[in-house]
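*Asks:* only geometry, no sequence info:
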């Protein structure tokens, strides 16, 4: 029969699963979501601790002294005219 006919004749559709099964499914889904949330939080916390340990300044820092630099060539003056000057052709 048509759904509208069932409702008008006083017949209500019956659930396919019992209330206990519905409640158990809700609890199971809630538990899975909670476990996923706690696992993600733990992974995030561990990643943050690793990053802090990696990037924190430590006493074993190495100082590097670079050799002096010698300038061996100077670039020629730019061909772009400065404001107020005419460009030489």
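*Replies:* Yes, it's here. In this text the structure is predicted, and so the values were computed from the model without any measurement.

*Asks:* now residue 15, what's its secondary structure?
*Replies:* Look at residue 15: counting by DSSP: H, G, I helix; E, B strand; the rest coil, its state is coil.

*Asks:* so where does the nearest residue to it once chain neighbours are set aside fall, helix or strand?
*Replies:* Of all residues not flanking residue 15 in the chain, residue 22 sits nearest, at 7.4 Å (CB to CB, 6 or more residues apart in numbering). C-beta coordinates here come from the backbone N, C-alpha and C atoms, glycine included. Element membership for residue 22, per DSSP states H and E: helix 19-55.

*Asks:* and what of residue 67?
*Replies:* Using DSSP H and E, residue 67 sits in no helix or strand.

*Asks:* Check what pLDDT it gets.
*Replies:* pLDDT, residue 67: 92.

*Asks:* Ramachandran angles for it?
*Replies:* With angles defined as degrees, to the nearest 10, residue 67 sits at phi -70, psi 160.

*Asks:* quick one on the thing from earlier: quick one: average confidence on the helix holding residue 22?
*Replies:* So the average pLDDT for helix 19-55 ends up being 93.
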